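Asks: Below are the sequence and a predicted model; questions follow.
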Amino acid sequence: MNFQSQTKADFKVVGTRVARPDGVDKVTGRALYGADFNVPGMQVGLILRSPHAHATINSIDASEALALPGVKAVVTSADWGVPEDDGLRDVQDNCLARGKVLYDGHPVAAVAAKDMATAKAALKLIKVDYTPLPHVIDVDDAMKPDAPVVQEARADESVPAGSGPNVTHYCEFGHGDLEAGFARADTIIERSFTTAATHQGYIEPHACLASYGNDGKADLWCTTQGQYLVRDLCAGIMGMEGSQLRVTASEIGGGFGGKTTVFIEPVALALSRKSGRPVKIVMSRVDVFRATGPTVSSSIDVRIGMTKDGRITAADAKLRYQGGAFPCDTVDMGAQSAFAAYDLEAVRTQGWNAMTNRPRQAAYRAPGAPMAIYAVESVVDELCQKLDLDPLDVRIMNAADAGTKASYGVTFDQIGLKATLEAAKEHNHYHAPLGENQGRGLSCGFWFNFGGNTSVSLAINADGTISVTEGNPDIGGSRASISMMAAEELGVPYEKVRTVITDTSSLGQNDVTDGSRVTFAVGLATINAARDAIGVMCARVAKIWGIDEDAVIWEDGAAKPSGPNAGDFEPMTLAEIAAISSETGGPIAGHFEVNAEGAGVSFGVHLADVEVDPETGSTRVLRYTVFQDAGKAVHPDYVEGQMQGGAVQGIGWALNEEYIYDEDGLLQNAGFLDYRIPVASDLPNIDTVILEIPNPGHPYGVRGVGETPIVPPLAALSNAVSRAVGVRLHELPMSPPKILKAIMAKA
């Protein structure tokens with residue numbers, strides 16, 4: 001689907017910094033988040049979790065818990081059937097263990113009781129007999145032929161014969177002659193890297209309220225990035241028809257990909273069905289860390305050849321990702337992203353996914369890409385140092401551009417990578433002096449961006465206002481951007497438009513709010529729904545004027561004759577048309593449903609300055625600048641916020657954040673006191689530079705922006721720290737002990 005992209009001068013609303021439509025509700029506490037829903041007769045749900053990293057469940061005895069006054073129901077995996085679909089069965093088995101527990105914190109049983117105290121007491125009365133099994137936590141260990149087997153026979157058809165029992169997926173991308181390419185290189189560097197699993201760190205824990213009626217119909221309120229996916233998963237697990245389950249998304253207190261699946265919602269439904277009462281479950285912070293998806297952790301080998309003038313001749317990477325106790329294919333996106341920023345004649349990426357005794361991984365802002373690009377950009381930077389080349393000039397020389405065949409096979413359309421690199425080269429940050437123990441690092445970043453199934457309805461109200469109904473939770477300002485695009489297309493003030501997010505019974509299928517898809521895909525659908533409504537209004541006016549429909553055009557919020565031959569009529573505004581709609585045919589609305597394509601890839605470049613204390617290994621971020629192509633920044637404040645937020649999360653990933661397990665496979669830092677995310681005092685102001693290279697796949701040129709910003713920080717920080725201390729680091733996070741060890745080893 002191709003559109004005529006408008007230039008910046010064409011816009012009146014899009015590109016401005018209008019007020020946030022949900023701002024007042026959120027700052028006054030009126031907005032309802034997941035834990036805010038309550039209904040009469042509601043029971044408290046709690047989940048019993050495994051104390052073992054890996055163990056067989058021999059028996060579960062809930063008789064004493066059920067005898068406790070105030071306890072209404074106990075459920076286990078036995079309360080569900082066994083789905084035929086592997087993916088649905090994995091989701092179900094992650095919600096309640098079947099046969100054995102696969103990680104520390106794996107849910108085993110759940111209870112519904114009259115209050116929290118009774119529910120806690122009931123959990124203590126449930127007796128579970130376990131037989132502990134050997135466990136494996138590290139991805140390289142998990143891939144060995146003699147590793148403890150997490151689940152039997154879970155490899156898909158892609159896995160080569162002879163792979164270890166925990167390897168579930170393999171992929172390979174690339175083109176060209178690697179041997180010939182490396183033979184042309186003046187310098188070849190090969191390095192190995194590791195990254196730790198990190199959590200999305202959303203402020204709001206998972207929460208839901210389920211009400212299952214005697215008629216087999218159910219309602220579910222939850223904090224989610226996709227109520228339609230929640231409906232489909234829960235209906236499948238519960239054996240319900242999708243139409244019988246209505247899911248309403250609450251306001252969301254952060255998700256970042258971590259709320260794109262279900263953890264507690266089917267459990268709440270099962271408890272409600274069994275108890276005959278509404279059941280509410282709110283996860284504790286400890287449970288969030290122990291049992292909801294962090295990122296994959298990784299082990300990566302990268303080999304790159306370069307000529308003395310900076311041309312990359314060949315590039316090869318091997319990526320090993322663990323995704324927890326269930327199969328996943330996140331390595332596909334890492335392998336495709338690894339070298340996407342470069343125009344290469346010879347390139348290959350290979351990737352393996354392996355199971356471990358950890359929580360099932362979930363998306364975290366550009367899943368798979370940050371760790372792959374961290375390894376690649378680290379080697380590129382080391383080559384620049386070794387050959388005494390400017391790291392930005394080298395990247396500009398090798399940068400992918402329109403017409404480049406990407407390392408993963410596609411040919412790029414119009415992209416903004418070179419523009420972002422050149423903007424970084426011209427920025428005063430790149431030329432600012434550095435002091436003692438200070439270093440500057442940079443990195444490119446890439447993300448695919450998604451489109452997907454989208455349904456939008458737009459109503460022209462009789463008073464001339466506009467109601468837009470869409471089905472994607474607002475996790476980054478989409479209510480504003482969607483309202484702005486509707487206002488732009490209709491030619492009315494932004495304040496005349498209100499966008500609401502509806503439940504699963506009110507619109508056709510809408511895919512999850514992920515992949516940076518919403519402003520692109522829902523925006524595209526909103527524009528076309530507005531055009532549909534405009535078509536209706538022009539037809540109404542044509543009848544009023546007694547002329548052909550094609551003789552009426554829409555400009556500046558009004559229907560006008562297309563020219564002198566169409567007749568001499570005064571323009572009719574949207575408000576005037578709406579006011580007489582009941583006399584001209586009834587309500588006026590526009591609809592659009594699409595499986596959107598043409599999302600357009602996204603590139604960014606980050607510059608980071610750090611200072612490292614040589615006595616402690618402590619790192620302080622001094623300055624940070626983000627350059628990114630937004631296609632068209634619909635609401636620049638939100639675009640800047642996405643750029644800054646991704647950078648901050650990437651800084652935490654690079655310097656502090658990691659899941660730490662003991663020798664028994666038990667998580668040791670399940671809370672924000674021990675799992676340290678950056679706070680304001682840890683950070684400088686994050687400066688932003690928005691570039692606008694229009695995406696030809698969107699009528700306004702929009703590209704997704706939300707995920708690309710988390711990709712470059714890992715390498716940018718690593719390159720900065722490595723230059724500051726004079727020795728290369730190859731392991732994330734770069735915590736003070738690791739940095740100090742590297743400094744001492746150099747001495």
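Replies: Perfect, thanks for sending it. Numbering: from 1, shown residues only.
Asks: tell me the contacts of residue 571?
Replies: 555, 558-560 (CB atoms under 8 Å, 6 or more residues apart in numbering). Quick note: C-beta positions are derived from backbone N, CA and C, even for glycine.
Asks: Buried among those residues? Make that a PyMOL selection.
Replies: Command for PyMOL that selects the buried part of the contacts of residue 571, burial taken from 16 or more other CB atoms under 10 Å:
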select buried, resi 558+559+560
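Asks: top helix in the protein by residue count?
Replies: Longest helix in the chain, counting residues (DSSP state H): helix 518-545.
Asks: residue ranges with poor pLDDT in the stretch 601-747 of the chain?
Replies: Applying pLDDT under 70 to the stretch 601-747 of the chain flags no residue at all.
Asks: what's the neighbour count on residue 93?
Replies: 23 (other CB atoms under 10 Å).
Asks: swap that for residue 18, sorry
Replies: Counted with other CB under 10 Å, residue 18 comes out at 17.
Asks: May I have the phi/psi pair for the residue nearest to it when sequence neighbours are not counted?
Replies: The spatial neighbour of residue 18 that comes closest, neighbours along the chain excluded (CB to CB, 6 or more residues apart in numbering), is residue 494 at 4.9 Å. Phi and psi for residue 494, reported as degrees, to the nearest 10, are phi -50, psi -40.
Asks: separation between residue 494 and residue 680?
Replies: Per CB to CB, to the nearest Å, residue 494 is found 31 Å from residue 680.
Asks: ok, the two, which is more surrounded?
Replies: The neighbour count for residue 494 versus residue 680, taken as other CB under 10 Å, is higher for residue 494 (19 against 6).
Asks: In this structure that one contacts residue 485, no?
Replies: No: assessed by CB atoms under 8 Å, residue 494 is found out of contact with residue 485, at 10.1 Å.
Asks: Which neighbours do those two have in common?
Replies: residue 13.
Asks: May I ask you to confirm that residue 85 is in contact with residue 237?
Replies: No: using CB under 8 Å, residue 85 is not in contact with residue 237; the gap is 10.5 Å.
Asks: Between those two, tell me which one has more neighbours.
Replies: The neighbour comparison of residue 85 against residue 237 (other CB under 10 Å) goes to residue 237, with 23 against 10.
Asks: Next secondary structure element downstream of the one helix or strand that one maps to?
Replies: Using DSSP states H and E, residue 237 sits in helix 227-238. The helix or strand immediately downstream of helix 227-238 is strand 245-249, counting by DSSP H and E.
Asks: For this protein, which residues score under the pLDDT cut-off?
Replies: Applying pLDDT under 70 to the chain picks out residues 1-9.
Asks: What distance do you get for residue 46 to residue 594?
Replies: Noted for residue 46: a distance of 42 Å to residue 594, by CB to CB.
Asks: between the two, who's got more neighbours?
Replies: Shown here are residue 46 and residue 594; by other CB under 10 Å, residue 46 has more neighbours (24 against 17).
Asks: what's the closest non-adjacent residue to the more buried one?
Replies: Leaving aside its chain neighbours, residue 46 sits nearest to residue 119 (4.2 Å; criterion: CB to CB, 6+ apart).
Asks: in the one helix or strand that neighbour maps to, what's buried?
Replies: Using DSSP H and E, residue 119 falls within helix 116-125. Buried residues in helix 116-125, defined by neighbour count with 16+ other CB under 10 Å: 118-119, 121-123, 125.
Asks: Kindly format the C-alpha coordinates of it as CSV.
Replies: Taking Å, rounded to 0.1, in the frame of the first residue of the first chain, the C-alpha atoms of helix 116-125 are listed here in CSV:
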residue,chain,number,x,y,z
MET,A,116,-5.9,-11.3,51.4
ALA,A,117,-5.2,-12.7,54.9
THR,A,118,-7.3,-15.8,54.2
ALA,A,119,-5.8,-16.3,50.8
LYS,A,120,-2.2,-16.1,52.2
ALA,A,121,-3.2,-18.6,54.9
ALA,A,122,-4.7,-20.9,52.3
LEU,A,123,-1.5,-20.9,50.2
LYS,A,124,0.4,-22.2,53.2
LEU,A,125,-2.0,-25.1,53.6
